[in-house]
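Asker: The sequence isn't on hand, but the structure is:
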């Protein structure tokens, strides 16, 4: 347990326990490689995407990885792939 300033060790311990409980129910985060693979999957509904299709690609990708990867990281990966 981390040391809490101003004698707040009890509150810090409570928050550490709460965090452990929350982490138990959170989905396993994607690795960077998994995020890259997920973000390069494209929809068969349309032709190879361009930068103009960023919104559509993100709309297809985000539901697949919701809660498991940071949206800004995925957006950066998608932008790299579309460039």
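Answerer: Arrived safely, thanks for sending. Note that the coordinates shown come from a computational prediction; the quantities given were computed from them, not determined experimentally.

Asker: tell me the SS of residue 64?
Answerer: helix (DSSP: H, G, I helix; E, B strand; the rest coil).

Asker: again with residue 28
Answerer: Going by three-state DSSP: residue 28 is coil.

Asker: what residues are up against it?
Answerer: Residues in contact with residue 28 (C-beta atoms under 8 Å, 6 or more residues apart in numbering) are residue 68. For the C-beta atoms, the positions are set from N, CA and C on the backbone; glycine is no exception.

Asker: Kindly provide the distance from it to residue 38.
Answerer: For residue 28, the distance to residue 38 equals 13 Å [C-beta to C-beta, to the nearest Å].

Asker: Next: residue 21.
Answerer: In terms of C-beta to C-beta, residue 21 sits 28 Å off from residue 38.

Asker: Likewise for residue 79?
Answerer: Counting by C-beta to C-beta, the gap from residue 79 to residue 38 is 15 Å.

Asker: try residue 78
Answerer: The value you get for residue 78 to residue 38, if C-beta to C-beta is used, is 10 Å.

Asker: And the contacts of the least confident helix or strand in the chain by mean pLDDT?
Answerer: When the helices and strands of the chain are scored by mean pLDDT, DSSP states H and E, helix 32-40 comes last with a mean of 72. For helix 32-40, the external contacting residues (C-beta under 8 Å, 6+ apart) are 30, 57, 61, 64-65, 69, 73-74, 77-78, 81.

Asker: among those residues, which are in strands?
Answerer: Secondary structure from DSSP state E places none of the contacts of helix 32-40 in strands.

Asker: Which one of residue 79 and residue 38 is surrounded by more residues?
Answerer: For the pair residue 79 and residue 38, the greater number of neighbours falls to residue 38 (19 against 14), based on other C-beta atoms under 10 Å.

Asker: From residue 68, how far off is that one?
Answerer: According to C-beta to C-beta, residue 38 stands 9 Å off from residue 68.
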